[in-house]
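1. below is the sequence, then the predicted model.
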Amino acid sequence: QVCEAGCAPKQVQTPAYGAVANYAYHFDAGKLGAFLRTHAVGRGVRHVEGTVARVERHEHGDIAAVHLATGERLAADLFVDCSGFNGLLIN
């Protein structure tokens, strides 16, 4: 709809992933987070909020688990870092 309304650098006739210019969109992090949480939880994803105490990594550097301040260890296939500029999972 954004393209059809002429509000994006990508044109309607431009093929998918064939943009005529490099561009990005900035989303309201709070609204996007709430949307993703509702969408994912509705499909069976477990949503956990907590304070990350440390990150456990596999030998090759990927995240194996996060340890919360409560002592809980959370292992998963996908982690979403919502720590903003702190980048707790990538630093």
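-> It's in.

2. what secondary structure does residue 31 sit in?
-> Assigned with DSSP: H, G, I helix; E, B strand; the rest coil, residue 31 falls in the helix class.

3. identify the residues contacting it.
-> Under the criterion of C-beta atoms under 8 Å, 6 or more residues apart in numbering, residue 31 has no contact partners. (Each C-beta comes from the backbone N, C-alpha and C, glycine too.)

4. which pLDDT value goes with it?
-> On pLDDT, residue 31 comes in at 93.

5. what's the answer for residue 81, then?
-> For residue 81, the model assigns a pLDDT of 84.

6. likewise residue 40?
-> 94.

7. that one contacts residue 33, doesn't it?
-> No. Applying C-beta atoms under 8 Å, one finds residue 40 not in contact with residue 33, separated by 10.6 Å.

8. so residue 68 makes contact with residue 55?
-> No. Under the criterion of C-beta under 8 Å, residue 68 is not in contact with residue 55, lying 10.9 Å apart.

9. relative to residue 54, how far out is the residue nearest the centre of the chain?
-> With distances taken as C-alpha atoms, centre = their mean, the residue of the chain nearest its centroid is residue 80 (4.6 Å). According to C-beta to C-beta, to the nearest Å, residue 80 and residue 54 sit 18 Å apart.

10. which residues are in contact with the residue nearest to residue 41 when sequence neighbours are not counted?
-> Nearest residue to residue 41 in three dimensions, chain neighbours excluded: residue 47, at 5.2 Å (C-beta to C-beta, 6 or more residues apart in numbering). Counting by C-beta under 8 Å, 6+ apart, residue 47 touches 37, 40-41.

11. next one, pLDDT for residue 47 please.
-> Looking at residue 47, the pLDDT reads 88.

12. in this protein, which spans are strands?
-> 52-57, 63-68, 73-75 (DSSP state E).

13. quick one: average confidence on the second one?
-> Along strand 63-68, the predicted local confidence has a mean pLDDT of 96.

14. run the chain-centre distance for it.
-> 16 Å (C-alpha atoms, centre = their mean, to the nearest Å).

15. packing partners of it?
-> For strand 63-68, the packing partners by 3 or more C-beta pairs under 8 Å, 6 or more residues apart in numbering; DSSP states H and E come out as strand 52-57, strand 73-75.
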